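> fold the following for me, if possible:
(2 chains)
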Amino acid sequence: MKKSWVVVVNVFIIIIMLTFVVLYSNNENRDKTQKQIEHFENTAIAMEHVTENYMEGEQRICDVWAHYINSQDMTIEEAASFIRISHVLPNASAHILYLDTLSGLSTKARQDAADNFAVSYARMELLNDVSWIHEIGVSINISRAYTNPINGEQSLAFCNLITLHDPETGTARDAVLLRVLPISELEQKWVFPQEEFENAELSLIDADGNYIIKGHSFKNSSFFEFYKSYNTIDPASVQAFFREITSSSGSFVMNNSHGEECILAYAPVAATDGWTLLCYLPKKDLSVNSENWLLIGFVSAGLLILFVFDLTVMLSYNKKLKAAASEAASANRAKTDFLSTMSHDIRTPMNAIIGLTTIAEKNLGDMEAVGENLRKITLASNHLLTLINDILDISKVESGKLSLSPQTFSIVETVENLINLSRPMIKEKNIEFNFRVSRMEKEYLYADRLRLNQIYINILSNALKYTEPGGRVSVDMREEESQKPGCVRLTYIVSDSGIGMSPEYMATMYEAFSRQTDSRVNSIQGTGLGLAITKQMVDLMEGTIDCQSEQGKGTTFSIILDLPVADRQREDMMLDPMEVLIVDNDAILLETAVDTLESLGVTADSATGGLEALGMIKRKHETGQDYSVVILDWKMPDIDGIETIRRIRAETDSDIPVLLISAYDWSDIEDVAKEAGANGFVSKPLFRSTLYDKINELLGREAKSVEPEDDYSDLQGLNILIAEDNDINWEIISAMLGMFGITTERAENGRICVEKINRAAEGSYALIFMDIQMPEMNGLDATRRIRALDDPWAASIPIIAMTADAFSENVNECLNAGMNGHIAKPIDIKLVIKEIRRIKEGKRS
Amino acid sequence: MKKTLCIFLAFCMALSLTACGGVTQHETAGFKPALDTSTSCRITVAGSYDNFEALEAEFDRFNEIYPNVEFSYVKLDDYNNTLGTVLEGNNPPNIFFSYTWMIGNEKYNPVVAHMENLSDSSLGLDLSCIRPGLINRDAEGHVLLVPVFSRTYGMLVNNDLFKKEGLSIPSTLTELLSVCEAFRNKGYRSPMMGYSLKSSGCFMNTVAYPLFVAALAENPEALTLANDLDPAAGEYMRPALEAVELLIQNGCIDFSECDKIEDNYTQVILRFFEGDVPMMICTGDTVSGTKKRESQSEAFVHAPFDYVFSPIPMSDDGGYFIDSPSIQFSVNNKCEDLDMTNEFMRFLISTEELNEMASVKRLVTPTADLSFDSVYAPFGQVPSDRTLSPEVLGIKDQLTVQLRIAAFRVGKGEITLDEAAAMYGSFE
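Below is the predicted model of the structure:
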């Protein structure tokens, strides 16, 4: 759904809800208003009852007076005296008037003359017609409001017709008795009783609409005039409307003089001649609009806030979803790219393997061709394995599962291994290679050797890969003090004269599967994972990696790592005092080597070429004090190391021990060098321990520990049980071990393995190679069963995992199950032999 | 999208704001309240009118400024006789109707004693907005009464009927007689009508009074005689009484038709609204009832017509504009809340409020601006030399009684002109 539609639907819902609230609220208001009006009407009726009772009471007093006066045949003076005596209300008075003259006596004197009780209504129209005054006791005879001629107050009068004795004529004379009550006093008592109707007003009108008593908001002299003045009414229905008001009870809405709506409740006053009680109330006093608006306002604000909140959240979610969709698309693209890359990168070596295998099969008779094919197949296989390892590593890196497994290791061995691994390519591409070390005092470090090795190899192999044949690659490694306690700072700098990198590529070079787009690069095998893995590993080891590169000129990678120093170090390496000459055209190497030699307690001289060295040796020889040892670089610009040895031997007739340094595999020159007079070989870089060992070995001070690298007699006769469900894998391992004189037996799964061990006599098997994923019973369960056997020999037999599950967690799983080691497939037979020997010698890793 | 949202938000805000809305009190333009507008008090106006919607409308307008002032208008029975008693009573009014004739009348001295001097500059009343001829000052220059309406004498003219019959509204006596004859010839039995049952409010006085005032204005010595009710002044009534006779004798007025009109106010108006009376002789007080009764007359509702109130052209120079106060207000100087009472008077005595009240009441405004009500517009066109102010001239009320009765009786044929002139001063 489009965003605009969501907004439209929301607005529509809000409008519907508000409409409902308004309608419902209005309906409630109407009901409430109606109830209040009914209540108001009922109150008006109650007021009418009160009014009627009051009037009846007042009229009754008047009736009593009239009865008495009539019964006593009183004169007007006597009647006035009687009333004065019986009167109790201070503000009330009575007027007795002869009907023929409408003049008579008041019970109270005029204000301006204390002895003047005369009163006249002759100029008033009030009593011109007395037909509304009924017989005594018949009805309430109340006048309209009028001006009391005695005191000027607006008053009401309850009336009765009486008969007086006229002393002048001696006859009876008709008169009217008025019980006069001031309206102001009445108004103070006659108020609307309900507190909730505080603005209610009362009026009393006669049958013609004239006010008897007039409330403040009532206008005109007649209510009917008032109504017509401010309200529209059909002239034809006006009389009927007014008749209804004066004859029944009810209420209606009308406009007051301000044009505001008001409620008018009416109730006819019984026992009067068409009088009606009117109760007035501004409609706004009934209104509950303010509450409604509050409700509507609250709901509006709530809905609006909800709407804005939802809209904001929705937009936020949309933004996140868009980002997630973008990431998903990007991930999908990455996956596609990855699969495409993998497909290409895997197919390439696979193509080589399959193709070369086919070629080898066709040329089985040509051993040289087969050998060459097998060599190439091995290269392709190794590349494939590297690719798979890299993929697994980057997978672990990206999933955050890459962890370090620190152990004590020799940095010297690591560097040697590094050089050994690099040597074939250096040789193949005829690369000028230099590996210089400086002040490497701490040989043993405590770190993840494999990962460190991987970092160094990745950087160095990249330098070698991307350097043109005949180019130059140099490695500098130096040890410095570290800020971290217990650590040394190891700086590893690899510089090459290779193709370099573009700034654009450098910006993304640490991302997985990123390879520089270059025709030269495309011809070089690579996964595009190496730098990504390296960067992650450096970060994991809390180190830094830096790169300076210029296209066409070369690249320099610098890796700085703070590595803990192992507790175990070699004992103090000090040589006997002697003089040593070291010869190399590399000034830096010379400087560091001299420094290293002197740290071993010898006096070191240096020469930058063979001829210079020869001169120095001659001069030394002539003094009768030959150098104790001469260390010569093989490749030097003037005369190489071998030629220099040859001249030393020829020209000085000296048997000075000479060590030949080479950064390369010296096996190629071993025979020539020995023939020339070389006493030994030493590989770059010249570690302190290396020099110490080599010099001692050369001078015969310490027996060289000979590794039985090519002597496998110790393995002869070993019998190993191999739990492997896969026939080919069984065949491979069986054949490989057979080459070393090792016999093997197969268990097709874990269960069979357990059974065989259980049945075997003690010593039947030297160890077990255990596959993990097997049918019926896997290797882990089988190991647990074996470890649980009663036979101590069987229960303690060494078990080595041999599995394609190569992750560290798999290794841990194996060890936790009771295994003694782990070898990852594809197997490296050298590692297998090494592991067998380790087991055989009773070592435990 | 954003625009729609903004509009919706604005709508909702406006909707919400209506919930917070309240009644805004506003001041009447031009009037600056001098007292605390929250003052609470009660002001009563006593008068002789049965109802006084125009004044009640002013109460409402004043309440817009002083919402807590409670007003009431009280009609006093037998006003002239009870006023003094009321002023001395328990609930004396703050303001009361007053008349020029009360000044100097010994009987009303107690009433006059209650009248505040409204020309006192400290009260701030703008008396200049009232036509000078309507202001009555005593010997000390005090103004004890201020007119809120003025009264004049004339006739209601049915303009549409004149148009219908192709006749022009007369502006001279000759034209009047001619028009009456023309109407009579067209079947109108009484082209001019008026109330004729009693002397009070009778048309004869309405016709005669302006002429008598004009005669007295020209003869100051006669005015003295007339005010003194000296029979010698009777001769000065003669032209006025002759004019009455002239209209009757020329058939302008048919008594048999006029006598059907039962009172000099509502019935006069309703008869005029029947639509067949070209000219209805009456005073401005009667005209005041026309506006309200337009809707009460079925004939007028069904066939409304245009009408004006015009001077009766009883000479060849036209008619007279007798500019006389109708209702005057006096402030009870002994009343409660005198400050607020004077504040109300200050509010009321202004061109705007007096015109507003005159408009509602449809009486002649006492202000200089007569043009705001088209009905009275013809009086605004009367030249100043024909505008006469009885109060300025010094005409006393007893004089008017003599003329009214004389005119009534002459018109009715009860006495002759000579008898009337001889009887001056003796009419009661």
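> test my guess that B:Gln398 contacts B:Leu229.
Yes: counting by Cβ atoms under 8 Å, B:Gln398 touches B:Leu229, with 6.0 Å between them. Just so you know, the C-beta spots here come from the backbone N, C-alpha and C atoms, and that holds for glycine as well.
> would you mind listing what in the stretch 51-200 of chain B touches chain A?
Contact residues, the stretch 51-200 of chain B versus chain A (Cβ under 8 Å from any Cβ of the partner chain): B:51, B:53, B:56-57, B:60, B:70-72, B:74-78, B:81-92, B:110.
> what does whichever helix or strand A:Leu277 is part of contact?
Here A:Leu277, judged by DSSP states H and E, is contained in strand A:276-282. Residues from elsewhere that reach strand A:276-282 (Cβ atoms under 8 Å, 6 or more residues apart in numbering or on different chains): A:40, A:43-44, A:47-48, A:51, A:192, A:197, A:199-205, A:207, A:215, A:217-218, A:223, A:245-246, A:256, A:260-269.
> can you name the residue of the stretch 51-200 of chain B nearest chain A?
Taking Cβ to the nearest Cβ, chain A has its nearest neighbour within the stretch 51-200 of chain B at B:Val86, 3.2 Å off.
> my guess is that residue contacts B:Pro93. True?
Yes: B:Val86 lies in contact with B:Pro93 (Cβ under 8 Å); the separation is 6.7 Å.
> need the overlap of contacts for these two.
Taking Cβ under 8 Å, 6+ apart as the contact rule, B:Val86 and B:Pro93 both touch B:Ala46.
> run through the strands of the stretch 301-450 of chain A in chain order.
Taking DSSP state E, counting those that start in this stretch as the test, the strands found in the stretch 301-450 of chain A are A:407-410, A:432-438, A:444-447.
> what residues does the stretch 101-250 of chain A put near chain B?
So far as Cβ under 8 Å from any Cβ goes, the stretch 101-250 of chain A lies against chain B at A:110-112, A:123-126, A:146-147, A:149-154, A:182, A:184, A:214, A:216, A:219-222, A:225, A:228-229, A:235.
> mind checking which of those are in helices?
A:Ser184, A:Glu225, A:Lys228, A:Ser229, A:Pro235 (DSSP state H).
> shouldn't B:Ala299 be in contact with B:Val277?
No: between B:Ala299 and B:Val277 no contact is recorded; they are 10.9 Å apart, counting by Cβ under 8 Å.
> hmm, back to that, of the strands of the stretch 301-450 of chain A, which approaches chain B most closely?
Judging the strands of the stretch 301-450 of chain A by Cβ to the nearest Cβ, what sits closest to chain B is strand A:444-447, at 58.7 Å.
> break the chain down into its structural domains.
Since no chain was named, I'll use chain A. Annotated domains of chain A cover A:290-390, A:403-564, A:579-698, A:713-840 [automatic domain parsing].
> oops, chain B please
B:41-150+B:326-372, B:153-322+B:396-422.
> where does the prediction get shaky in chain B?
Along chain B, the model assigns pLDDT under 70 to residues B:1-29.
> mind running it again at 80?
Chain B contains residues with pLDDT under 80 at B:1-30, B:51, B:370-372.
> nearest residue to the closest residue to chain B within the stretch 551-700 of chain A in space, please, no chain neighbours.
At 49.2 Å from chain B, A:Gln551 is the closest residue in the stretch 551-700 of chain A, using Cβ to the nearest Cβ. If the residues on either side of it in the chain are set aside, A:Gln551 comes closest to A:Gly500, at 4.1 Å by Cβ to Cβ, 6 or more residues apart in numbering or on different chains.
> surely the one you found touches A:Thr555?
Yes: in this structure A:Gly500 lies within contact range of A:Thr555 using Cβ under 8 Å: 5.6 Å.
> so between these two, which is more surrounded?
Legend: neighbour count by other Cβ atoms under 10 Å in any protein chain shown for A:Gly500 and A:Thr555, higher for A:Thr555 (24 against 20).
> ok, that one - contacts?
By Cβ under 8 Å, 6+ apart, the contact set of A:Thr555 is A:Ala463, A:Tyr466, A:Ser495, A:Asp496, A:Gly498, A:Gly500, A:Met501, A:Cys547, A:Gln548, A:Ser549.
> which two among those residues are spaced furthest apart?
With Cβ to Cβ as the measure, no two of those lie farther apart than A:Tyr466 and A:Gln548, at 14.5 Å.
> more neighbours, those two?
Neighbours per residue, other Cβ under 10 Å: of A:Tyr466 and A:Gln548, the larger number sits with A:Tyr466, 23 against 13.
> got a list of what A:Asn719 touches?
Contacts of A:Asn719 by Cβ under 8 Å, 6+ apart are A:Ile742, A:Thr743, A:Thr744, A:Glu745, A:Ser764, A:Tyr765, A:Ala766.
> and B:Ala299 and B:Val277? Which one has more around it.
Using other Cβ under 10 Å as the criterion, B:Ala299 and B:Val277 rank with B:Val277 on top: 25 against 15.
> before we move on, the earlier item: which pLDDT value goes with the residue nearest to A:Gln551?
pLDDT recorded at A:Gly500 is 87.
> in chain A, what helix or strand scores lowest on average pLDDT?
Every helix and strand in chain A was compared by mean pLDDT, DSSP states H and E; the lowest is helix A:519-522, with a mean of 52.
> can you give me the helices for the stretch 601-750 of chain A?
Listed in chain order, the helices of the stretch 601-750 of chain A (DSSP state H, counting those that start in this stretch) span A:610-622, A:641-651, A:670-676, A:688-698, A:727-738, A:750-759.
> can you redo the ones you listed as CSV with mean pLDDT and distance to A:Asn453?
Shown next, in CSV, are the helices of the stretch 601-750 of chain A (pLDDT from 0 to 100; distance: least, Cβ to Cβ, whole Å):
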stretch, mean pLDDT, distance to A:Asn453
helix A:610-622, 87, 35
helix A:641-651, 86, 29
helix A:670-676, 84, 27
helix A:688-698, 83, 18
helix A:727-738, 87, 25
helix A:750-759, 93, 33
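> got those helices as CSV, with distance to A:Gln59 and mean neighbour count columns?
Below are the helices of the stretch 601-750 of chain A laid out as CSV (distance: least, Cβ to Cβ, whole Å; neighbours: other Cβ atoms under 10 Å in any protein chain shown):
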stretch, distance to A:Gln59, mean neighbour count
helix A:610-622, 155, 18
helix A:641-651, 153, 21
helix A:670-676, 153, 15
helix A:688-698, 139, 21
helix A:727-738, 130, 15
helix A:750-759, 123, 19
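> now tabulate the ones you listed in CSV and tack on distance to A:Asp586.
As requested, the helices of the stretch 601-750 of chain A are exported to CSV (distance: least, Cβ to Cβ, whole Å):
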stretch, distance to A:Asp586
helix A:610-622, 14
helix A:641-651, 13
helix A:670-676, 19
helix A:688-698, 16
helix A:727-738, 42
helix A:750-759, 57
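> so for A:Arg451, which of those helices sits nearest?
Closest among these, using Cβ to Cβ: helix A:688-698, at 22.9 Å.
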